[in-house]
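Q: just the structure for this:
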Amino acid sequence: RIPEHSPLVFFLPPLMSGGRRSARDGKLLPKSGLDTLIQSIGSKEWEKILNRRKISRKALDAIVMNFFVVTGLKDVAKAFSKDSGVKPEVPLESIQDRMEIREAVLEGDIKRVIEKLNALNPEILKNQPDLDFMLQQQRFIELIKEKGSDKIEECLEFARRELAPRAKENEQSLSEMERVMALLAFPDPANSAVGDLLSYDRRAKVIGALNTAILNSQSQSKDPKILKILRQLVFTQKQLQDKIGCHFPTIT
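A: Alright, predicted model coming up:
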């Protein structure tokens, strides 16, 4: 959003010829004194300048489609593709796979998550031992939720079989294993010092890691392109303000 009454100090960029062109009419300005020349432009005129910048509908539609794909909105992406003619960068079936994996995590069915992930791409877990360990941790957590800490022997057997072999050669994994094992030390794990492991946020963290791994395996970024564009915009505005001394209506 551009503030209604913010003044704009517009730095006029150098041209190959050594001069600069006016932001108002595009005419070449005299070279003398241009190194320090700035031009004040009101917010309404600034909006007019921005509106003269033409961006193709195709480019905008591609950014929108990318957002739908990355965030997993399969049905919306399908409808948008039909309406706009823009093809998604990956098969829409892969979005469905990610959504089914997400639902399985939320249901606490990590065994099904692993099966679906391996069916989608068996190389993901093979090449990402940290993700594999995270999923086994989550299986342990879900086991405690299901069985309760009174089923200690069953939980310990799972830890010996699945967690210990994966953690023994990684100091960080060993530390994480010790933390989840601490759930067994409390009669009410949900209200203990490690109770956050049983929360929705923990499942959301697993979902985020899985989403990133799947998108990376498909040569897709985990973040929508629009987010990268906004980050670049904020960075560029800050550079203009801090490095060049420009003051202008910013888009936030």
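Q: show me the shaky parts of the chain.
A: 1-42, 147-150, 247-248 (pLDDT under 70).
Q: so where do the strands sit in it?
A: For the chain, the strands defined by DSSP state E cover 7-11, 38-42.
Q: so how far is A77 from the residue lying closest to C246 once chain neighbours are set aside?
A: With C-beta to C-beta, 6 or more residues apart in numbering as the criterion, C246 has its nearest non-adjacent residue at 4.4 Å, and that residue is L240. Quick note: C-beta positions are derived from backbone N, CA and C, even for glycine. Distance, L240 to A77, using C-beta to C-beta, to the nearest Å: 35 Å.
Q: neighbour count: these two, which is higher?
A: Comparing L240 with A77 by neighbour count (other C-beta atoms under 10 Å), the higher total belongs to A77, at 23 against 17.
Q: gap between the more buried one and I251?
A: Counting by C-beta to C-beta, the gap from A77 to I251 is 26 Å.
Q: for M181, same thing?
A: 49 Å.
Q: who's in contact with the most centrally placed residue in the chain?
A: Nearest to the geometric centre of the chain sits D223, at 3.4 Å (C-alpha atoms, centre = their mean). Contacts for D223 (C-beta atoms under 8 Å, 6 or more residues apart in numbering) come out as V70.
Q: got phi/psi on it?
A: phi -110, psi 140 (degrees, to the nearest 10).
Q: quick check: the gap between the nearest residue to K111 once chain neighbours are set aside and Q237.
A: Ranked by C-beta to C-beta, 6+ apart and with sequence neighbours excluded, the top spatial neighbour of K111 is R139, at 6.8 Å. Going from R139 to Q237 by C-beta to C-beta gives 46 Å.
Q: one more: T71?
A: Counting by C-beta to C-beta, the gap from T71 to Q237 is 25 Å.
Q: burial count for R179?
A: 14.
Q: so what's it closest to, chain neighbours aside?
A: V194 (5.9 Å).
Q: for E157, see how far away the residue nearest to the centre of the chain is.
A: Separation of D223 from E157 (C-beta to C-beta): 40 Å.
Q: swap in P249?
A: Distance of P249 to E157, given as C-beta to C-beta: 64 Å.
Q: what's the answer for Q128, then?
A: 26 Å.
Q: which one's more surrounded, M181 and I251?
A: When M181 and I251 are compared for neighbours, M181 comes out ahead with 18 against 12, by other C-beta under 10 Å.
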